[in-house]
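Visitor: Here you go, sequence then predicted model.
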Amino acid sequence: MGLVSRGMAAAGLGTAPAVVRPGPPDAVPNPTPNPPPEGAAPGSSRVPSMVLKAFFPTCCASADSGLLVGRWVPEQSSAVVLAVVHFPFIPIQVKELLAQVQQASRIGLAVLGTWCHHRQEPEESLGHFLEGLGTIFSHEPWLQLCRERGSKFWSCKATHWQVPISPGAPGEDQVMLIFYDQRKVLLSQLHPPAALPDHQAGDATASAGGLAAVFDTVARSEALFRSDRFDEGLVRLSHWQSEGVEASILVELAKRASGPVCLLLAYLLSLISAASTCWVFKLWPLSFIWSKLSTCEQLRHRLEQLTFIFSTQKAENTSQLMRKANMLVSVLLDVALGFALLSWLHGKDRIGQLADALVPVADRVAEELQHLLQWLMGAPAGLKMNRALDQVLGRFFLYHIHLWISYIHLMSPFIERILWHMGLSACLGLTVALSILSDIIALLTFHIYCFYVYGARLYCLKICGLSSLWRLFRGKKWNVLRQRVDSCSYDLDQLFIGTLLFTVLVFLLPTTALYYLVFTLLRLLVVTVQGLIHLLVDLINSLPLYALGLRLCRPYRLSAGVKFQVLEHEAGRPLRLLMQINPLPYNRVVHTYRLPSCGCHPKHSWSSLCRKLFFGELIYPWRQRGDKQD
C-alpha cells in the first residue's frame with residue numbers, strides 16, 4: 001500500500017493500553033494508502049471504494065463491548081473515537097449525554113459504530129445484537145471494530161447503509177486503525193499542531209492541517225472526559241479517566257483561596273503603581289535618576305509582571321496561561337535565589353568584611369590611576385606628546401581623582417550600614433540585588449566615566465574640526481538646512497585661517513587621542529562588567545522556566561507534530577498504526593515562550609560600536625531617544 005518499512009518487527013496490543021516493542025518507529029508521510037491504478041492484472045486483490053482512518057484511544061483497547069462515541073470528520077474521511085459506552089444503557093440516555101457534551105464543546109458528536117471485545121468465552125449473540133444497533137443510532141458509515149479472542153489481530157469494517165450509486169461498487173470500505181494516547185493528545189493543546197510545520201527534526205510527520213481536527217476534537221471534548229466509570233450515572237463510559245479521579249482537599253482549598261488572594265494582591269499592586277506615578281517623581285532630577293538606574297528599571301519590570309500574574313482576569317488562551325506560569329516560576333526562582341544570597345551575606349559577618357575591604361580597594365584603584373596619569377604625562381611608550389596640553393590634561397584628571405578619594409573616605413563610616421540595608425533588598429529577588437550591584441559599580445567608577453566623557457568630547461571636537469577644515473581645502477561645506485555637502489568658494493583669508501587651525505589641531509590630536517584611548521578602554525572594561533550583570537538579570541527575567549520544565553518532565557505538553565509507528569501490517573488484515581507526539585525542541589521552546597525583558601539597554605552592532613568609538617561619540621549604558629539600531 002505504498003508504506004515505507006524499516007525492518008521493524010510488528011507489535012500488538014495486549015490487555016493493557018497499546019504496548020509497542022522497542023525499536024525505531026516507521027515514519028509514515030501519509031497514513032492513507034494509495035490504491036493501485038485501474039486495470040490491474042487479474043488475480044489482484046479487490047480495491048475498496050475508500051480507505052477510512054479510525055483514531056482509536058489506547059485506553060479503550062481492553063474495554064468491554066459497547067458503542068463507539070466520537071466525531072466524524074468528512075473532509076479527512078476520519079473517525080475520532082472518544083469513548084466506549086458499555087451495557088446496559090438506554091438509547092435515549094446516550095443521545096441526551098451526547099447532546100449535553102455537544103452543547104458544551106460546540107462540536108458534533110455521534111455514535112460512530114460498535115466495539116466488540118471477545119473475552120475468554122465466545123459470545124455468539126453479541127455480534128448480531130451490536131449490528132442491530134445501527135438501526136437505532138444511524139450513522140454513515142457505520143464502523144464495526146472487533147478484537148479477536150486470544151489473538152492480536154483486529155477486524156475493522158465500515159458499512160454503508162445506503163445503496164451504492166454505481167452497480168458493482170462495494171458496500172464496505174477498508175478501515176485503517178490508528179491508536180492514539182488520549183491523555184497526551186488532550187494535554188498537548190498548549191502548542192496546537194496547526195501552527196507547526198509538517199517536518200520537524202528530520203522526522204517525516206503527518207500533515208498538521210489534517211491532524212488539527214483530531215487534536216481539536218479531543219481538546220474540546222473535555223466535558224465528556226469529566227464523567228467517570230465509577231460514578232453512579234445512567235451511562236457508563238470508558239476513556240482516559242476510567243480509573244477514577246483523586247482530588248486533594250489541599251488543592252481544592254488552594255483553588256478556592258486563590259481568588260480572594262489575587263484580588264487583595266492586585267489591589268495592593270495598584271496602590272503601589274499609583275504611588276510610583278505620583279507627580280513628585282516626575283520632577284526633572286528624580287525622573288532622570290529613576291530612568292537611568294538599573295534598580296528602578298528592574299523594580300518597574302517586576303511590578304508589571306506581578307500585576308499581570310495576580311490579575312483577576314482569566315487567561316483568554318493557552319499562550320496567556322503559559323506566559324503567566326512562566327512569569328510566576330521566574331519570580332519564585334528569583335525570590336528563592338535572593339533569599340539564598342541574603343542568608344549568605346548575613347552569615348559570618350560577610351557584610352562587615354565587604355565594607356572593610358571596599359575602602360582599601362578604592363584607594364588601590366585611585367593609586368593605579370594616578371600612576372597611569374603620571375605615565376601619560378611623561379613620554380608614554382616613547383611617544384612625543386605636546387607637553388603643555390599633556391600637563392593640563394594630566395593635572396585636571398589628577399584633581400578629579402583627589403576629589404573622588406576624599407568623597408570615599410568621607411563616606412567610609414556609613415558604608416557598612418549602607419551595604420546592610422542594600423543586602424536586605426535581596427529578599428525582593430536576586431535580580432534586584434544584581435541591579436543594585438550594577439548601580440554601585442557605576443557610582444564607584446563615576447570618576448572613570450567622567451574621564452571618558454571629557455576625553456571623548458575633546459577628541460570628538462577635534463575630529464569634527466579637522467573634517468570641517470578638510471572640506472574647506474576642497475572647496476566644500478556642510479549645508480545644515482539640507483543635510484548635505486555643497487560646493488562653496490572661499491577667499492584667501494579664510495583659507496589662511498583654516499590652514500593655521502588645521503595645523504594646530506593635527507599636532508594636538510595625538511595627545512588627545514592617547515588620553516581618549518586609555519580612558520575609553522577603562523570605560524569599556526566597566527561597561528563589560530555591567531553588561532555581564534545585565535545579561536544575568538535578563539536571563540532570569542526572560543527564561544521560560546515553566547515551559548522548559550514541561551518540556552523536560554512532560555514533553556507531550558509541547559508538541560511539534562506527530563509520527564506514526566506500524567503495529568501490525570499483514571495481507572488481508574487492517575493496517576494498525578500508533579500515533580506518537582513529537583516534542584518541541586528546546587531551542588524552539590525558548591524562542592516561542594521567551595518572556596520580554598526590561599529592554600532599557602541599547603543593543604549596538606559591531607559596526608555601530610566601532611563607528612562611535614572612532615568618531616568619539618559617547619556610549620551610554622542606557623537607551624537614548626535618537627539611537628538608531630543597525
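Guide: Right, received. Where do you want to start?

Visitor: Confirm Val81 sits in a helix?
Guide: No: assigned with DSSP: H, G, I helix; E, B strand; the rest coil, Val81 falls outside any helix and is strand.

Visitor: what's it in contact with, if anything?
Guide: By Cβ atoms under 8 Å, 6 or more residues apart in numbering, the contact set of Val81 is Ala54, Phe55, Phe56, Pro57, Cys60, Leu68, Val69, Gly70, Leu112. Quick note: C-beta positions are derived from backbone N, CA and C, even for glycine.

Visitor: burial count for the fourth one?
Guide: A count of neighbours around Pro57, defined by other Cβ atoms under 10 Å, yields 25.

Visitor: Give me the distance between the closest residue to it other than its chain neighbours and Glu368.
Guide: Sequence neighbours aside, Gln182 is the residue nearest to Pro57 in space, at 4.1 Å (criterion: Cβ to Cβ, 6 or more residues apart in numbering). According to Cβ to Cβ, to the nearest Å, Gln182 and Glu368 sit 69 Å apart.

Visitor: okay, the two: which has more neighbours?
Guide: Gln182 (24 against 10).

Visitor: Does the more buried one touch Ala61 like I think?
Guide: No: counting by Cβ atoms under 8 Å, Gln182 stays clear of Ala61, with 11.2 Å between them.

Visitor: about what we covered before: out of the contacts of Val81, which is nearest to Ala99?
Guide: Val69 (12.2 Å; Cβ to Cβ).

Visitor: That closest one falls within a strand, correct?
Guide: Yes: under three-state DSSP, Val69 falls within a strand.

Visitor: So what's the residue count around it?
Guide: 27.

Visitor: show me the residues around it that make contact.
Guide: Val69 touches 81-85, 94, 98, 109-112, 224, 237, counting by Cβ under 8 Å, 6+ apart.

Visitor: Buried by neighbour count: which residues of the one helix or strand Cys460 maps to qualify?
Guide: Element membership for Cys460 (DSSP states H and E) is helix 446-473. Neighbour-count burial for helix 446-473, with 16 or more other Cβ atoms under 10 Å as criterion, is recorded at 447-449, 451-452, 454-456, 458-460, 462-463, 469, 471-472.

Visitor: C-terminal to it, what's the next element?
Guide: Past helix 446-473, the next helix or strand by DSSP H and E is strand 476-479.

Visitor: Just list what that next one packs against, helices and strands only.
Guide: With contacts defined as 3 or more Cβ pairs under 8 Å, 6 or more residues apart in numbering; DSSP states H and E, strand 476-479 has these neighbours: helix 446-473, strand 484-487.

Visitor: can you give me the helices in the stretch 151-300 of the chain?
Guide: Counting by DSSP state H, counting those that start in this stretch, the segments of the stretch 151-300 of the chain that form helices are 182-187, 208-220, 222-225, 249-276, 284-292, 294-309.

Visitor: And the ones you listed: which comes nearest Trp404?
Guide: Closest among the helices of the stretch 151-300 of the chain, using Cβ to Cβ: helix 284-292, at 19.5 Å.

Visitor: what mean pLDDT would you report for that closest one?
Guide: In this model, helix 284-292 has a mean pLDDT of 75.

Visitor: Can I get stretch 444-463 in CSV, CA atoms only?
Guide: Output of stretch 444-463 as CSV, limited to C-alpha atoms (Å, rounded to 0.1, in the frame of the first residue of the first chain):
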residue,chain,number,x,y,z
LEU,A,444,32.2,53.7,42.4
THR,A,445,33.6,54.2,38.9
PHE,A,446,31.9,57.6,38.3
HIS,A,447,35.4,59.3,38.0
ILE,A,448,36.3,56.9,35.2
TYR,A,449,33.1,57.8,33.4
CYS,A,450,33.9,61.5,33.8
PHE,A,451,37.4,60.9,32.4
TYR,A,452,35.9,59.1,29.5
VAL,A,453,33.3,61.9,28.8
TYR,A,454,36.0,64.6,29.0
GLY,A,455,38.4,62.7,26.7
ALA,A,456,35.6,61.7,24.2
ARG,A,457,34.2,65.3,24.0
LEU,A,458,37.6,66.8,23.4
TYR,A,459,38.5,64.1,20.8
CYS,A,460,35.2,64.4,19.0
LEU,A,461,35.6,68.2,18.9
LYS,A,462,38.9,67.9,17.2
ILE,A,463,37.7,65.2,14.8
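
Visitor: Return the backbone torsion pair for Glu316.
Guide: Here is the backbone geometry of Glu316 (degrees, to the nearest 10): phi -70, psi -30.

Visitor: So Arg573, which state does it fall into?
Guide: Applying three-state DSSP: Arg573 is coil.

Visitor: how many neighbours does it have?
Guide: 13.

Visitor: How much space separates it from Ser155?
Guide: Distance from Arg573 to Ser155, by Cβ to Cβ: 8 Å.

Visitor: circling back: quick one: which of the helices and strands packed on strand 476-479 is nearest Leu514?
Guide: Using Cβ to Cβ, the helices and strands packed on strand 476-479 put helix 446-473 closest to Leu514, at 9.2 Å.

Visitor: This completes my enquiry, with thanks.
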